[in-house]
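Q: Have a look; sequence and predicted model below, questions after that.
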Amino acid sequence: HFCGIKKNEKGIYLHSAADVEGHLGTDKNFYLLDFSRVMPPETPDPRIKACHLYRLLRPELVQSYHKPLCSDAFSSFVLADKSAKAYNKDIEEATNYLIEKIIPNFVNSLIWQIMEAKSKGQLQHFRLTEAIHTRGINMRHIGYLLSHVREVEEYTEVKVLLVVEALARSIKNILREKLRTKMKRLKQPLEAP
């Protein structure tokens, strides 16, 4: 895709996200840095500021998707590219595919995996995050997964696992925010003791 921040500029053709950096080291070797946005974004939620920069699709989904997706979609990096709207549309389609097809279709597999682990006495060793990630689903979509688990007694363990994971992640995020606020007030970087 072409990268440029002005609609009428020519832009530079890149095969990566625009903010991947290339450097020539003092040892004369080339180094690439800042791969944080190599994966394309999900369709941005208008309620969340700049989420196209950090709410990214998982590599497993991108790899299995039927067409290439642009890492710079929904960003100002592609303003110079005449295909910017098409990149955004592709991302919307991929996000909808994730929410409407992959997640609902995966729920039965997840239920089966959890029930099998329970029957073998291995439920405490079940790797929920790994099972979800292998299908290209981010853990932030745990609520979507939960909404597709039927309200029947034999699925109680499935619901409990998903709710506990969602609560643990919510608590972790609340504690991180409190830590950031406290460190900011103390004017200390987070790495400081």
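A: Perfect, thanks for sending it.
Q: Not counting sequence-adjacent ones, nearest residue to G143?
A: A166 (6.7 Å; C-beta to C-beta, 6 or more residues apart in numbering). The C-beta positions use only the backbone N, C-alpha and C, and glycine is treated the same way.
Q: quick one, helices of the chain?
A: 59-64, 84-97, 103-119, 128-133, 142-147, 156-186 (DSSP state H).
Q: I'd like the mean pLDDT over the longest one, please.
A: Averaged across helix 156-186, pLDDT comes to 92.
Q: What is it packed up against?
A: For helix 156-186, the packing partners by 3 or more C-beta pairs under 8 Å, 6 or more residues apart in numbering; DSSP states H and E come out as helix 103-119, helix 128-133, helix 142-147.
Q: Identify whichever of those helices lies nearest to E93.
A: Shortest separation from E93 across the helices and strands packed on helix 156-186 is recorded for helix 103-119, at 15.1 Å, computed as C-beta to C-beta.
Q: Now that closest one: buried residues?
A: Within helix 103-119, the residues scored as buried using 16 or more other C-beta atoms under 10 Å are 103, 106-107, 110-111, 113-114, 117.
Q: and the direction of that helix versus that of helix 156-186, what angle?
A: 110 degrees (axes from the mean of the first three to the mean of the last three C-alpha atoms, to 10 degrees).
Q: for stretch 117-129, what is the average pLDDT?
A: Mean predicted confidence for stretch 117-129 is 93.
Q: end-to-end on that stretch?
A: 14 Å (C-alpha to C-alpha, to the nearest Å).
Q: Pull the residues that contact it.
A: With C-beta atoms under 8 Å, 6 or more residues apart in numbering as the test, stretch 117-129 has contacts from 113-114, 139, 157, 161-162, 165.
Q: filter these to the buried ones?
A: Looks like the contacts of stretch 117-129 have 113-114, 161-162, 165 buried, using 16+ other C-beta under 10 Å.
Q: Pass me the low-pLDDT residue ranges in the protein, would you?
A: By pLDDT under 70, the low-scoring segments of the chain are 5-10, 190-193.
Q: which residue is nearest the centroid of it?
A: L56 (3.6 Å; C-alpha atoms, centre = their mean).
Q: list the contacts for the closest residue to that one other than its chain neighbours?
A: Spatial nearest neighbour of L56, excluding adjacent residues (C-beta to C-beta, 6+ apart): M39 at 4.2 Å. Neighbour list for M39: 56-59, 62, 71 [criterion: C-beta under 8 Å, 6+ apart].
Q: Which one (most neighbours) among the residues you listed?
A: S71 (27 neighbours; other C-beta atoms under 10 Å).
Q: a markdown table for the helices of the chain, including distance to P44?
A: A markdown table is the format used below for the helices of the chain (distance: least, C-beta to C-beta, whole Å):
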| stretch | distance to P44 |
| --- | --- |
| helix 59-64 | 17 |
| helix 84-97 | 9 |
| helix 103-119 | 19 |
| helix 128-133 | 22 |
| helix 142-147 | 17 |
| helix 156-186 | 19 |
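Q: All set, thanks.
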